[in-house]
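K.L.:
Sequence first, then the predicted structure, then my questions.
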Amino acid sequence: MHFELLQPLGWQPYFQQQLTLEEWERDRPARIVDYQRSVITVDTGEERIALPVSMSLPAMTVGDWVLLDADGRFLRCFTRSSLFARKAPGTAQRAQLVAANIDTVFIVCSLNQDYSLNRIERYLALAHEAGVEPVVVLSKADLCTDDVEARVAEVQALGAQLPVVAVNGLDASSVAALAPWCSAGRTVALMGSSGVGKSTLVNALVGAAVQRTAGIREDDDEGRHTTTSRSLHRIPGGGVLLDTPGMRELQLADCEQGVEDAFADIAALAQRCRFGDCSHRSEPGCAVLAAVEREEMDERRLANYHKLLREQAQNASSVAEKRAQARAQGKRNRYAMKIKNRRD
Ligand SMILES: Nc1nc2c(ncn2[C@@H]2O[C@H](COP(=O)(O)OP(=O)(O)OP(=O)(O)O)[C@@H](O)[C@H]2O)c(=O)[nH]1
Ligand SMILES: [Zn+2]
């Protein structure tokens with residue numbers, strides 16, 4: 001019964017399985033379509049409800065599924081199928097949740113000035129870390145002066161079964177090549193540098209639907225919050241597009257496992273290195289360096305792997321430093337308190 005209402009919001013069997021029959025009949029699942037400092041907007045498929053942010057709510061983000069009771073009160077958050085998060089600024093102890101329950105992320109890279117295999121590998125690591133299937137979208141194919149087919153093949157070589165699609169974002173029939181990932185019940189998102197054509201793709205994918213969502217919003221009592229319809233868009237083919245500034249600003253941080261997964265070929269070769277802790281830089285008996293020597297492994301790819309791991313280590317150590325600073329500050333505060341208490 002609610003199924004037809006929920007599926008256009010990205011509802012899947014994975015979430016359905018988290019409900020008892022009784023809950024399914026009595027309560028109402030809803031998806032977070034917008035998350036502001038003081039108010040969370042959820043969509044039940046029938047209406048949008050504003051939940052005030054409070055300390056009693058768990059950490060949640062756009063894309064999360066929540067269960068509400070019949071009166072629209074929050075009961076719980078569903079277990080996620082995927083999560084993009086990043087280190088929060090400041091003490092950096094808590095991760096900032098960026099987007100939840102995304103099935104596919106389009107890694108957008110333009111075929112003119114922005115094209116870079118290193119950058120694509122960086123985004124692949126982020127996608128792997130989040131547990132989201134990546135699809136590389138090479139935009140501005142119409143402006144590419146090189147052989148587009150050759151570029152596509154080069155990017156495809158970055159991962160086994162990595163889908164790579166070249167598009168002209170200004171041409172709807174070209175963008176239609178992304179339809180297989182945007183079918184009913186599926187949620188997609190976009191990542192990529194500024195100017196590569198993400199907004200153009202959003203318009204091509206949802207164009208008319210965005211207008212319609214805005215129209216519906218006029219009628220309900222939250223009508224003034226026009227930004228609400230900007231985070232989660234329905235795609236005419238049945239899918240959902242999640243587009244937030246947070247997704248657009250994602251950086252590589254704290255995703256060592258993501259880097260390892262994005263470079264699974266290096267991990268496989270490393271099994272045959274002489275030393276278990278081989279760093280694949282200069283060690284004798286290194287299977288990775290041997291593969292580079294035989295030209296079976298791209299030297300650029302190995303260098304980028306080292307670079308991403310190094311950045312990863314730096315991020316981790318700056319987090320550790322900040323934690324140590326916070327601890328030292330806490331100690332000083334407690335000491336000052338002690339002295340003060342003694343004086344009182
Ligand atoms: N020729 C051509 N131009 C494109 C294509 N995609 C985008 N553009 C143009 O490239 C410029 C930047 O595109 P945007 O969609 O604004 O890029 P963006 O990634 O959203 O940029 P930010 O908003 O800075 O993140 C615009 O002038 C678009 O019209 C394409 O496939 N072909
Ligand atoms: Zn090695």
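P.N.:
The structure has been received and is ready for your questions. Ligands and ions are numbered 1, 2, ... in the order given.
K.L.:
May I have the phi/psi pair for whichever residue of the stretch 51-200 of the chain sits closest to ligand 2?
P.N.:
Nearest to ligand 2, among the residues of the stretch 51-200 of the chain, is Glu121, at 18.7 Å (C-beta to the ion). For the C-beta atoms, the positions are set from N, CA and C on the backbone; glycine is no exception. Backbone torsions for Glu121, taken as degrees, to the nearest 10, come to phi -60, psi -40.
K.L.:
What residues does the protein have near ligand 2?
P.N.:
273, 278, 280, 286, 288 (C-beta under 5 Å from the ion).
K.L.:
Including secondary structure, could those go into CSV?
P.N.:
Listed next are the residues of the chain next to ligand 2 as CSV, based on DSSP: H, G, I helix; E, B strand; the rest coil:
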residue, secondary structure
Cys273, coil
Cys278, coil
His280, coil
Cys286, coil
Val288, helix
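K.L.:
If we check ligand 1, which of those residues are in contact?
P.N.:
Subset of the residues of the chain next to ligand 2 in contact with ligand 1: empty, counting by C-beta under 6 Å from any ligand atom.
K.L.:
Most neighbours of all the residues you listed, which one?
P.N.:
Val288 (24 neighbours; other C-beta atoms under 10 Å).
K.L.:
list the contacts for that one?
P.N.:
266, 269-270, 273, 278, 280, 297, 302 (C-beta atoms under 8 Å, 6 or more residues apart in numbering).
K.L.:
What mean pLDDT does the helix or strand harbouring Arg122 get?
P.N.:
Secondary structure from DSSP states H and E places Arg122 in helix 117-130. If you average the pLDDT over helix 117-130, you get 88.
K.L.:
and the nearest residue to Ser38 once chain neighbours are set aside, backbone torsions?
P.N.:
Spatial nearest neighbour of Ser38, chain neighbours left out: Val53 (5.3 Å); criterion: C-beta to C-beta, 6 or more residues apart in numbering. With angles defined as degrees, to the nearest 10, Val53 sits at phi -70, psi 130.
K.L.:
so what's the residue of the stretch 51-200 of the chain closest to ligand 2 up against?
P.N.:
Contacts of Glu121 by C-beta under 8 Å, 6+ apart are 158, 262-263, 301, 304-305, 308.
K.L.:
And for Leu68?
P.N.:
Per C-beta under 8 Å, 6+ apart, neighbours of Leu68: 27-30, 42, 44, 49, 74-75.
K.L.:
what's the next secondary structure element after the helix or strand bottoming out on mean pLDDT in the chain?
P.N.:
Counting by mean pLDDT, DSSP states H and E, the chain has its least confident helix or strand at helix 198-219, which shows a mean of 63. Next helix or strand after helix 198-219 toward the C-terminus (DSSP H and E): strand 232-234.
K.L.:
model confidence over that following strand, on average?
P.N.:
The model assigns strand 232-234 a mean pLDDT of 89.
K.L.:
Ok, stretch 27-40 next?
P.N.:
On average, stretch 27-40 scores 92.
K.L.:
And the helices in this structure?
P.N.:
Ranges of helices in the chain, per DSSP state H, are 3-6, 13-16, 21-26, 117-130, 148-156, 172-175, 198-219, 245-248, 256-262, 264-270, 287-293, 299-343.
K.L.:
what's the least confident stretch among those helices?
P.N.:
helix 198-219 (a mean of 63).
K.L.:
Which residue, neighbours along the chain excluded, lies closest to Cys263?
P.N.:
No Cys there; residue 263 is Phe. Tyr305 (4.9 Å).
K.L.:
Return the per-residue confidence for the closest residue to Ser139 other than its chain neighbours.
P.N.:
Nearest non-adjacent residue to Ser139, counting by C-beta to C-beta, 6+ apart: Gly197, 4.0 Å away. pLDDT for Gly197: 89.
K.L.:
Contact residues of the stretch 151-300 of the chain facing ligand 1?
P.N.:
So the stretch 151-300 of the chain meets ligand 1 at 168-170, 192, 194-200, 248 (C-beta under 6 Å from any ligand atom).
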